[in-house]
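>>> I'd like to go over a predicted model; first the sequence, then the structure.
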Amino acid sequence: MDIPRQRDLSLLIGRKIKEIRKERKMSQFEVSEALGISRVSVTNMESGRHAFGIERMIEFSELFEISVDDLLPTKNGYKPTILPFGTVSQIERQKKIDRIKRKIDSLKNDLDNINS
């Protein structure tokens, strides 16, 4: 396999992200909320219109609970992504926990401002 150009690589990674997202039964909106980006950005990434930096690949790998190299093509295609039982519910639970933590932090900041 020849080394793919950046555009081709972005398209391959985007397709893999879309495949994993659908396997996890997540919407583009859910992914965008979890990563703090717009749904349009997720669409552009999945379609290869947006190049991937390593930081963004790490975010996706953490969200999907996979290794970054699971997103990268190999000579024979991709490594199969193993989806452990209950992973989707774990992701949903973690997203709720993260939202609650952000809300608590926001309330703490509000309380600090009131007490100042």
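Now that the structure is in, tell me what you want to look at.
>>> and the helix or strand of the chain with the lowest mean pLDDT, what other elements does it pack with?
Across the helices and strands of the chain, the lowest-confidence element by mean pLDDT, DSSP states H and E is helix 87-115, at a mean of 74. Contact here means 3 or more CB pairs under 8 Å, 6 or more residues apart in numbering; DSSP states H and E; on that basis helix 87-115 packs against helix 28-35. (Each C-beta comes from the backbone N, C-alpha and C, glycine too.)
>>> for the helix it packs on, name the packing helices and strands.
Helix 28-35 packs on helix 39-46, helix 54-64, helix 87-115, going by 3+ CB pairs under 8 Å, 6+ apart.
>>> now with 10 Å, please.
helix 6-23, helix 39-46, helix 54-64, helix 87-115 (3 or more CB pairs under 10 Å, 6 or more residues apart in numbering; DSSP states H and E).
>>> adding distance to Pro73 and mean neighbour count, write those helices out as CSV.
Below are the helices and strands packed on helix 28-35 laid out as CSV (distance: least, CB to CB, whole Å; neighbours: other CB atoms under 10 Å):
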stretch, distance to Pro73, mean neighbour count
helix 6-23, 5, 17
helix 39-46, 15, 18
helix 54-64, 13, 16
helix 87-115, 23, 11
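>>> much appreciated, bye for now.
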